[in-house]
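Q: Sharing a model prediction with you, sequence too.
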Amino acid sequence: MKTSKQMQRSVRRQLDEKLALSSPPAELLEELASACTKNPSSDNTFQYAFALSKSQEKSELQYSISMLDSLVKNGYEHQVDCMFGSATAHYLLGDYEETRLICEAILRNRPENEAAAQLHTAAVSAKDDKDEKMARDIAIGGTAAVAAVGLAALLLGGKKR
């Protein structure tokens, strides 16, 4: 039987694979951007922003967050979809805490939303792994610093004789 952390990592791995395969092609993004320019509407903006939310480009992800958050603030009818797109972009940017917060907001209103639940689990797992790595790096750095001080003391102590 898998532990909770193993299940979280499994969900995260599956989501990461799915997101890697769903990055929008440049032609699609160009077509959606053109539609937004030719026929500005909330629906066209949403389609473009949602496609951008799965991009691998940092600037496109940030732009998608900006557009999706604006749609939510302006009362666009597909609020949950906008929030999910924004959470996805935050996840791909490595902002796991913001991803978690957005997913929790979605799940409070729509607890049956499986996609938000999976993204939430993946964000929790990614943040835990990031925190564990940081703790290891600090421990390794601290150990190296103590060893360097010890070596310096040994070398300096040896010169006094």
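A: Noted; the coordinates are in hand.

Q: how far away is the closest residue to Leu61 other than its chain neighbours from Met67?
A: Nearest non-adjacent residue to Leu61, counting by C-beta to C-beta, 6 or more residues apart in numbering: Ala89, 4.3 Å away. Using the backbone N, CA and C atoms, a C-beta is placed for each residue, glycine as well. Distance of Ala89 to Met67, computed by C-beta to C-beta, to the nearest Å: 10 Å.

Q: any common contacting residues for those two?
A: Overlap of the contact sets of Ala89 and Met67 (by C-beta atoms under 8 Å, 6 or more residues apart in numbering) consists of Leu52.

Q: more crowded one of those two?
A: Ala89 (30 against 22; other C-beta atoms under 10 Å).

Q: which stretch of helix or strand covers that one?
A: helix 79-92 (DSSP states H and E).

Q: by contact count, what packs against that helix?
A: Contact partners of helix 79-92 among helices and strands, from 3 or more C-beta pairs under 8 Å, 6 or more residues apart in numbering; DSSP states H and E: helix 4-21, helix 42-52, helix 58-73, helix 96-109, helix 114-159.

Q: The third one - contacts with which helices or strands?
A: Translated: helix 58-73. helix 42-52, helix 79-92.

Q: Could you check stretch 26-44 and say which residues are buried?
A: Within stretch 26-44, the residues scored as buried using 16 or more other C-beta atoms under 10 Å are 29, 32, 35-36, 44.
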